[in-house]
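J.: fold the stuff below for me.
(chains A and B)
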Amino acid sequence: MKIYDKKLAYPYFVWMALFTVIPLLIVVYYALTDGEGNFTLDNLLAISGYGSVFARSLLLALIATVICLILAFPVGYFLSRLRVNKQHIMLMLVMLPMWMNFLLRTYAWMGLLSVNGPVNAVLGFFNLGPFNMLNTSGAVVLGMVYNYLPYMILPLYTSMTKIDPSLVEAAQDLGANTTKTLFRVLIPMSVPGICTGITMVFVPAVSTFVISRMLGGGSNLLIGDLIEMQFLGNSYNLNTGSAMSLVLMIIVLVCMSFTSSFDENEMEGVS
Amino acid sequence: MKRIYAFLLALALGLALPLAASAQGTLEVTEEISVSADYDWTRFAGQGVTLNVYNWGEYISNGSDDSVDVVAAFEKLTGIEVNYTTFDSNESMYAKLKSGAASYDIVIPSDYMVAKMIAEDMLLPLNYDNIPNFQQINEEYHNPDYDPDNAYTVPYMLCTTGIIYNTTMVEQAPTCWADLWDEQYAGNILMFNNSRDAYAIGAFKMGKSINPATTAEVDEVVEELKAQKPLVQAYVMDEIFDKMIGGEAAIGVYYSGDAITMIDDNPDLAWVFPEEGSVLSVDCMCIPATSTQQEAAEMFINFMCEVDVGAANAEYIGYTTPMDAVWEVLDEELKYSEIAYPSEEIAAKEQVFTALSDEVNSELDMKWSEMKSYNEGGSGYLFLLLLLAMLALACFNIWRKVRRKNRNMY
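T.: Modelled structure (predicted):
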């Protein structure tokens, strides 16, 4: 058997069909039917009433993604320039928080940000505050950034390790200043990493519901909360829930197609 | 021949007498638990019967903290194996049963969910001959609104909603639900993150029924909740434990049984039954229609209504027992707790949830999520704008691709 024999991938195809394609079709079916199984568009139309929730989810996820990108870019570059054995240690430090349960980490932020919490205690020491940080949109964004930052750092780091340091030196030798080196050399060359990072942060951030419930105090409703409410709320409405999921998927798909085309474009310029 | 009959009769009498004697007696299972001997507990022993029990989390005496392990005692007594799993809300339990993903023999939902499940033929009528201990349940909990003929349910535990507040953080103690709309507590109020319970608070304040019959009624009450929103710190469920115990909020609303736990941890907290009345919820033991072990399940229900078992559970979870016989044997502290066993006067004002029609239910959910997401005004056109932006983005994308293709042609 050749190593690139297609047959080796069959188990995964079966897995994907069973647990990705078929469930997706079920979602589409529920989204387009009513309780009795008749075709209807009412579910999709009903969603327009939740427009502000969709808008808020996208906005908060976007802000979180941008903050993650700004924070992660220098970290990724710094990591990729370290000696190899140091890289391993630093990478482990980046991943360390992920060894702990997601819920637990978010719950910890709830305690940290509370009015009587340690953050306000420290601020109080300097006669500042207490600030009301919990139950705000800002707290939700913080939760997203904290939880998803490693997903941005890792792909950035991976793509940056492939950048030859001599290219940066060459740019500088040819008279490019730091800003120019950054925008003309480093950023274009790490575009694949940036795109993967954006996908890996934006998609989970836009559909999260735990973070908004714990840090947003239940009043900063996101799409995830809305969908959860359809399935586990008191009306048990599979059809509306599926319609919401469908719209969310389409939105994510459109966003992703944008980043991926950006990816192709820029890569052409580089290679 | 006659002599044989006489002998048989004597034998029968001889056997029957000690049985009759032990009818008044009890059967010791473990040190703490003795059950009535007048019940054939062992008829399923050795048959490899397994019961799937689906209950609320932390809702049975389970052997931790020196409590009695009730399930283990049942297994020891009857030889039936119990597969015990838990859920965290009526709705998630319902979703799981409805999806048919799992089969259970005993579930313990709350009243309004029971009514809904009865209406949808999801429960089996019980054979009360197999549950003689049902007679121990107080008369006032027989034939409840959610199960008018008392054909499907046996009450397990009760609790009421009310206000828990931090005595060091309020100037005047709250006395009624309307106090939750009082400006002086702004930013210090914790509300239910659960549409049904939150709705009941609004309804009590406005003097309406907690079981709305029309969508117009729902709109009106949720409007009132919307007016309260600026004063609310957060909408929470179990997160309230940390927040109230840590002094994060001055006033919260929650269930009486859990309030006892919170007050144990922070003595500054106090509880009040609001003047307007409160919601009495009854969690009931029922058998889902998909169960294949009805008789064994009825045995389990009967076991849960044994005095010793009921007392172990009531002591452990702190909720209110529906059985006087159990109340008699409770610890003094819990027995005379005003929170768990309120006075007649308060009990008279309690109301119970019933099932809502589908139409009212979806209106309630819709209005509830609208209320919670309302603060930046302008919702409808924002969505349209969003869609337009998406469309523009997609078009821009296509245009770029086309342009690139054209460029590559040269």
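
J.: could you give me the buried positions within the stretch of helix or strand A:L62 belongs to?
T.: Assigned by DSSP states H and E, A:L62 belongs to helix A:51-80. For helix A:51-80, burial by neighbour count (16 or more other Cβ atoms under 10 Å in any protein chain shown) applies to A:51-58, A:60-65, A:67-69, A:72-73, A:75-77, A:79-80. C-beta coordinates here come from the backbone N, C-alpha and C atoms, glycine included.

J.: can you give me the neighbour number for B:T153?
T.: For B:T153, the neighbour count with other Cβ atoms under 10 Å in any protein chain shown is 27.

J.: any idea what sits nearest it, other than its immediate chain neighbours?
T.: B:C284 (3.8 Å; Cβ to Cβ, 6 or more residues apart in numbering or on different chains).

J.: I'd like the distance from the helix or strand that neighbour falls within to the chain centre, please.
T.: B:C284 is part of strand B:280-285, with elements assigned from DSSP H and E. Put simply, strand B:280-285 sits 6 Å off its chain's centre (Cα atoms, centre = their mean, to the nearest Å).

J.: now swap in stretch A:199-216 and tell me
T.: That offset, for stretch A:199-216, works out to 8 Å (Cα atoms, centre = their mean).

J.: check stretch B:197-204 too.
T.: The answer for stretch B:197-204 is 17 Å, by Cα atoms, centre = their mean.

J.: same question for it, mean pLDDT?
T.: Mean pLDDT, computed over stretch B:197-204, is 94.

J.: what sits against the residue nearest to B:T153?
T.: The contact partners of B:C284, by Cβ atoms under 8 Å, 6 or more residues apart in numbering or on different chains, come to B:I108, B:P109, B:S110, B:D111, B:V114, B:Y146, B:D147, B:T153, B:V154, B:P155, B:Y156.

J.: enumerate the residues of the stretch 1-150 of chain A near chain B.
T.: Within reach of chain B by Cβ under 8 Å from any Cβ of the partner chain, the stretch 1-150 of chain A has these residues: A:47-56, A:58, A:110-111, A:114-116, A:132, A:134-135.

J.: I figured A:T199 hits A:L253, correct?
T.: No. Counting by Cβ atoms under 8 Å, A:T199 stays clear of A:L253, with 11.1 Å between them.

J.: more neighbours: which of those two?
T.: A:T199 (19 against 12).

J.: next up, phi/psi of that one, please.
T.: Per-residue torsions, A:T199: phi -60, psi -50 (degrees, to the nearest 10).

J.: ok, and the closest non-adjacent residue to it?
T.: Leaving aside its sequence neighbours, A:T199 sits nearest to A:M256 (Cβ to Cβ, 6+ apart; 6.0 Å).

J.: could I get the pLDDT score of the one you found?
T.: For A:M256, the predicted pLDDT is 77.

J.: quick one, longest helix in chain B?
T.: helix B:380-409 (DSSP state H).

J.: quick one: that one to chain centroid distance?
T.: 50 Å.

J.: helices or strands up against it?
T.: helix A:51-80, helix A:238-270 (3 or more Cβ pairs under 8 Å, 6 or more residues apart in numbering or on different chains; DSSP states H and E).

J.: tell me the mean pLDDT for the first one?
T.: Right, the one you point to is helix A:51-80. pLDDT averaged over helix A:51-80 gives 90.

J.: and the angle from it to helix B:380-409?
T.: 50 degrees (axes from the mean of the first three to the mean of the last three Cα atoms, to 10 degrees).

J.: after helix A:51-80 comes which helix or strand?
T.: Criterion used, DSSP H and E; the element after helix A:51-80 is helix A:84-95.

J.: from the contact counts, what lies against the longest strand belonging to chain B?
T.: In chain B, assigned by DSSP state E, the strand with the most residues is strand B:154-166. Applying 3+ Cβ pairs under 8 Å, 6+ apart, one finds that strand B:154-166 makes contact with helix B:195-206, strand B:251-255, helix B:256-265, strand B:269-272, strand B:280-285, helix B:294-304, helix B:307-317.

J.: switch the cut-off to 6 Å
T.: If contacts are counted by 3 or more Cβ pairs under 6 Å, 6 or more residues apart in numbering or on different chains; DSSP states H and E, strand B:154-166 sits against strand B:251-255, helix B:256-265, strand B:269-272, strand B:280-285.

J.: which of these sits closest to A:D173?
T.: strand B:251-255 (65.9 Å; Cβ to Cβ).

J.: please state the offset of that closest one from the chain centre?
T.: That offset, for strand B:251-255, works out to 16 Å (Cα atoms, centre = their mean).

J.: name the residues that touch that strand?
T.: B:C159, B:I163, B:I164, B:Y165, B:P174, B:Y185, B:I189, B:L190, B:F192, B:I240, B:M244 (Cβ atoms under 6 Å, 6 or more residues apart in numbering or on different chains).

J.: just checking: what are the partner strands of it?
T.: Using DSSP bridges, strand B:251-255 pairs in its sheet with strand B:154-166 (antiparallel), strand B:189-192 (parallel).

J.: need the helices and strands packed on helix B:380-409 in JSON lines with distance to B:L123, can you?
T.: Below are those laid out as JSON lines (distance: least, Cβ to Cβ, whole Å):
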{"stretch": "helix A:51-80", "distance to B:L123": "35"}
{"stretch": "helix A:238-270", "distance to B:L123": "21"}
